[in-house]
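after the sequence you'll find the predicted model.
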Amino acid sequence: MIDKIKEHIAEVEQFTADSPEAVEAFRVKYLSKKGLMGKFASELRNVPNEQKREFGQTVNKLKTVATEKVAALKASLENASEEKGIYDDLTRPGEPIELGARHPISIVKNQITEIFSRIGFNVSEGPEIEDDWHNFTALNLPEYHPARDMQDTFFIQTNPDILLRTHTSSVQVRYMENNKPPIRTISPGRVYRNEAISARSHCFFHQVEGLYIDKNVSFADLKQTLQFFTTELFGKSKIRLRPSYFPFTEPSAEVDVYWGLETETDYRMTKGTGWLEIMGCGMVDPNVLTNCGIDPEAYSGFAFGMGIDRIALLLHQISDIRLLSENDVRFLEQFRSAL
Ligand code: DAH
């Protein structure tokens, strides 16, 4: 008897069908109460006790194999008929292809690097996990320098020499260490600061650093470059430079762009002044050049740094910086860009 069931199992494994009717007939034959399952169930009484266990197991195996066979045959017949339907009907409308949207940070970053690429700046990148030298010391910010307090830093607990970079100025150090002037480079990237998260600030954000080193580079070159940039990005050519302080530049300035006071929004954004602060800049301090292996007697240069997130908020009238990192599709899909 058990051998007979094993033969059935082999049959089931071999079976194929090309119509739903054939599958149904197969199911009735093997799995229905009137079919083999019913027959074996009533047969159980006559099986000698010592064989009952093996008999039961073999019948169960047959049931499993047959059930799986029915499911597999049904699925493959359905697939086949679906595909036939698709390819038979040439008037069927195509499936729409969903296009993703670029993130506003990427859009603004690409706009900025594209503008500077037109006047000869290349793009350079550096690590987000930095050492003290590249983030601070080489930038004229030695240990215990009070200006370190301007940037609340995440240090790695087990090694105070390692930190999450607080600005992309670290990339200018790396670039100068590895390249000889003339240097014209733009370094976009993510930076980290230990700040409370709110609508206006976050513990990580994005910056673009710019660096230009050559013979006879002057403050006038810096001003012209920045004015070209604001005209291209914002369509605003009126800028002003306010004296400021950064340890890595001397002299240093804060750059404001004249946004205007035409609309209600302009008033709100500029707090009624018409001016918006957009970046810091200055002439690279000779100490920084020396630290990076460049002779300050032969070369001079300028640097600037700006926050991409703030500019994205400005350009797209986004009211809360947290939206930029929450990955809400309803927010993200509103952005379309060729860049
Ligand atoms: N690193 C500065 C910051 O994070 C921004 C900056 C200011 C960069 C002036 C510069 C610069 O290169 O010259 O606040």
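All right, it came through fine.

looking at the residue nearest the centre of the chain now. What's its pLDDT?
Central residue of the chain (C-alpha atoms, centre = their mean): H103, 8.2 Å from the mean position. On the pLDDT scale, H103 is placed at 94.

am I right that it is in contact with L332?
Yes: counting by C-beta atoms under 8 Å, H103 touches L332, with 6.5 Å between them. Bear in mind the C-beta positions are built from the backbone N, C-alpha and C, glycine included.

circling back: now for the residue nearest to the centre of the chain: which residues touch it?
Listed by C-beta atoms under 8 Å, 6 or more residues apart in numbering, the contact set of H103 reads 324, 332, 335.

before we move on, what about G307?
Contacts for G307 (C-beta under 8 Å, 6+ apart) come out as 205-207, 279.

pairing partners for it in the sheet, please.
Residues in a beta bridge with G307, per DSSP bridges, are Q207.

most neighbours among the contacts of H103, which one is it?
Tallying neighbours with other C-beta atoms under 10 Å puts L324 at the head of the contacts of H103, with 21 neighbours.

what about the helices in the stretch 201-339 of the chain?
219-234, 264-269, 286-291, 308-316, 329-332 (DSSP state H, counting those that start in this stretch).

repeat that for the stretch 1-150 of the chain.
Ranges of helices in the stretch 1-150 of the chain, per DSSP H, counting those that start in this stretch, are 2-14, 20-31, 36-43, 49-88, 104-117, 132-135.

quick one: closest of these to N159.
Minimum separation from N159 across the helices of the stretch 1-150 of the chain (C-beta to C-beta) falls at helix 132-135, 9.8 Å.

what does the protein have sitting close to the ligand?
Counting by C-beta under 6 Å from any ligand atom, the residues of the chain close to the ligand are 167, 169, 209, 246, 249, 280-282, 303-305.

so which of the residues you listed is the most crowded?
The residue in the residues of the chain next to the ligand with the most neighbours, by other C-beta under 10 Å, is S169 (30 neighbours).

and that residue, how close does it get to N216?
When distance is defined by C-beta to C-beta, to the nearest Å, S169 is 23 Å away from N216.

equivalent analysis for K34, please.
K34 sits 100 Å away from N216, going by C-beta to C-beta.

run a quick neighbour tally on the residue in the stretch 1-150 of the chain that the ligand sits nearest to.
Taking C-beta to the nearest ligand atom as the measure, the point where the stretch 1-150 of the chain comes nearest the ligand is M150, at 7.2 Å. Neighbourhood size, M150 [other C-beta under 10 Å]: 14.

for the helices of the stretch 201-339 of the chain, which has the smallest mean pLDDT value?
helix 264-269 (a mean of 88).

excluding its backbone neighbours, what's nearest F228?
Leaving aside its sequence neighbours, F228 sits nearest to I119 (C-beta to C-beta, 6 or more residues apart in numbering; 6.7 Å).

that neighbour: neighbour count?
13.

got it, and S319?
The number of residues near S319, taken as other C-beta under 10 Å, comes to 8.

so the closest residue to it other than its chain neighbours, which state does it fall into?
Distances taken as C-beta to C-beta, 6+ apart place A199 nearest to S319, at 6.9 Å, with adjacent residues excluded. For A199, the secondary structure call by DSSP: H, G, I helix; E, B strand; the rest coil comes out as coil.

next, count neighbours for A199.
Neighbour count for A199, taken as other C-beta under 10 Å: 12.

and for I213?
Counted with other C-beta under 10 Å, residues neighbouring I213 total 24.

pretty sure it contacts I183?
Yes: counting by C-beta under 8 Å, I213 does reach I183; the two are 4.2 Å apart.

contacting residues around C281?
Per C-beta under 8 Å, 6+ apart, neighbours of C281: 222, 226, 241, 249, 252-255, 302-305.

how far away is the closest residue to I318 other than its chain neighbours from P104?
Leaving out its chain neighbours, the residue that sits closest to I318 by C-beta to C-beta, 6+ apart is A312, at 6.7 Å. Distance, A312 to P104, by C-beta to C-beta: 5 Å.
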